[in-house]
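Peer 1: Okay, here's the prediction I keep looking at, along with the sequence it came from:
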Amino acid sequence: MMREIITNKLKHVNYDNPKLYTNAGKLKKQFEFIDLAEYVKKEILRYTDDMKIPNHLVLRLKGLLEGKFICNNNTTQEANYTIESVKYTFMACKSKIHKALDTVPFNSESRKINYIFKIIEGNINTVFINLLQSKKQVDKMMVLSTDSLESNDVEYVKKERESKVSEKLKKLW
């Protein structure tokens with residue numbers, strides 16, 4: 001339901017007004033965050049649509065984006081991860097997390113979430129670096145011009161060579 005509200009707001013944004021444009025950026029980030037939380041809820045925790053997203057999960061996700069243990073105002077921001085990099089990290093560690101959830105018994109839901117995030121924290125820098133490198137490679141490819149690859153209609157001219165015999169004959173005369 002929240003996703004529908006945000007998408008409806010994004011459809012009616014006037015991009016000529018800079019204030020509304022920044023609001024649209026905030027709405028887009030909120031939409032991406034909700035999408036991330038839904039992914040973790042369904043794919044990682046294996047919850048159904050009828051189940052509520054735990055508050056502890058949302059606080060840990062917000063904290064992870066800022067490099068904190070949990071989102072609060074008492075700690076300082078140590079990193080600035082993108083939502084995209086966090087989602088890719090969850091995708092990359094999905095099998096590890098599922099294996100851990102199947103083998104380790106947990107006393108509470110918050111301990112299960114903390115265990116999942118410990119796995120994610122160990123791999124997020126690697127995924128973040130790989131994303132930065134892939135973006136640099138894409139930028140390099142965009143910079144390369146394809147003009148040099150196109151053929152110019154240049155006519156081939158065969159270079160004439162004089163034989164060595166003719167040079168010897170010239171010296172005799």
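Peer 2: Cool, the structure landed. Bear in mind the structure is a predicted one, so any value in this text is a computation, not a measurement.
Peer 1: separation between N130 and N123?
Peer 2: 10 Å (CB to CB, to the nearest Å). The C-beta positions use only the backbone N, C-alpha and C, and glycine is treated the same way.
Peer 1: What residues sit buried inside the longest helix seen in the chain?
Peer 2: Ranked by number of residues, the top helix in the chain under DSSP state H is helix 109-143. Within helix 109-143, the residues scored as buried using 16 or more other CB atoms under 10 Å are 112-113, 116-117, 119-120, 124, 127-128, 131.
Peer 1: Over to stretch 60-75?
Peer 2: Buried, per 16+ other CB under 10 Å, within stretch 60-75: 60-61, 63-65, 68, 70.
Peer 1: can you check stretch 94-113 too?
Peer 2: Quick answer for stretch 94-113 (16+ other CB under 10 Å): 97, 100-101, 112-113.
Peer 1: mind listing the helices for the protein?
Peer 2: 2-11, 18-39, 55-65, 83-92, 94-103, 109-143, 164-172.
Peer 1: residue ranges with poor pLDDT in the chain?
Peer 2: By pLDDT under 70, the weakly predicted segments of the chain are 1-22, 145-154, 161-170, 172-173.
Peer 1: how about a cut-off of 90?
Peer 2: Scanning the chain with the threshold set as pLDDT under 90 gives 1-31, 49, 71-77, 79, 137-173.
Peer 1: Quick one: end-to-end distance for stretch 62-74.
Peer 2: Its first and final residues considered, stretch 62-74 spans 14 Å by CA to CA, to the nearest Å.
Peer 1: in terms of contact, does C71 touch H56 like I think?
Peer 2: No - the pair C71 / H56 is not scored as a contact, 10.6 Å apart, by CB atoms under 8 Å.
Peer 1: Roughly how far does the closest residue to I70 other than its chain neighbours sit from N74?
Peer 2: In space, and not counting its chain neighbours, I70 is closest to G63: 4.3 Å by CB to CB, 6 or more residues apart in numbering. Here the criterion is CB to CB. By it, G63 lies 11 Å from N74.
Peer 1: ok, now V143?
Peer 2: Per CB to CB, V143 is found 44 Å from N74.
Peer 1: Show the contacting residues for the closest residue to L131 other than its chain neighbours.
Peer 2: Counting by CB to CB, 6+ apart, L131 lies nearest to S85, which is 5.3 Å off, once chain neighbours are set aside. Going by CB atoms under 8 Å, 6 or more residues apart in numbering, S85 touches 124, 127-128, 131.
Peer 1: switch to 6 Å and redo it
Peer 2: Contact analysis of S85 by CB atoms under 6 Å, 6 or more residues apart in numbering lists 127-128, 131.
Peer 1: now the angle between helix 94-103 and the longest helix of the chain, please.
Peer 2: Interaxial angle, helix 109-143 versus helix 94-103 (axes from the mean of the first three to the mean of the last three CA atoms, to 10 degrees): 170 degrees.
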